[in-house]
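S.K.: Let's see this in three dimensions:
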Amino acid sequence: QVQLVESGGGLVQPGGSLMLSCAASGSFFSINVMGWYRQAPGMQRELVAAITRSDSTDYADSVKGRFTISRDNAKNTVYLQMNSLEPEDTAVYYCHVKYKLYSFSLLRDYWGQGTQVTVSS
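M.R.: Sure thing, here's the model as predicted:
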């Protein structure tokens, strides 16, 4: 099974920056996709950014040019650098992975506990 440890959330002023990190550990064959979702109060959870093992990335239109996702495959860790933060970015950010338990397994999903990001003056 997979365990995810998220860090880096907090309170920041508009225009500021934060970096989120999420480290995966446990017993698995591979972590294929790592990403971040967010959920604001009263809203549905939405994809922020995702990255594959080969560094192919996908971003929500609302964060393109401001957020950068990266990963360290040796450490099974994904990072989200968030710049030019806006109040609309306020949400709980969840780490998400798609992983294989064994080489022949289907992909499974796993979610982190979430970390709060608040953008406010």
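S.K.: Name the SS class of the residue of the chain most remote from its centre, please.
M.R.: In terms of distance from the mean C-alpha position of the chain, F104 ranks first, at 25.7 Å (C-alpha atoms, centre = their mean). Look at F104: counting by DSSP: H, G, I helix; E, B strand; the rest coil, its state is coil.
S.K.: how much space between it and E86?
M.R.: Per C-beta to C-beta, to the nearest Å, F104 is found 44 Å from E86. For every residue, glycine as well, the C-beta is placed using N, CA and C.
S.K.: Also S25?
M.R.: S25 sits 33 Å away from E86, going by C-beta to C-beta.
S.K.: now W111
M.R.: W111 sits 25 Å away from E86, going by C-beta to C-beta.
S.K.: Now the residue nearest the centre of the chain: closest residue in space, sequence neighbours ignored.
M.R.: The centroid of the chain falls nearest to W36 when counting by C-alpha atoms, centre = their mean (2.4 Å). Once flanking residues are discounted, W36 sits nearest to V48: 4.4 Å by C-beta to C-beta, 6 or more residues apart in numbering.
S.K.: So which bits of whichever helix or strand the residue nearest to the centre of the chain is part of are buried?
M.R.: Secondary structure from DSSP states H and E places W36 in strand 30-39. Using 16 or more other C-beta atoms under 10 Å as the test for burial, strand 30-39 gives 31, 33-38.
S.K.: now stretch 58-65
M.R.: 59, 63.
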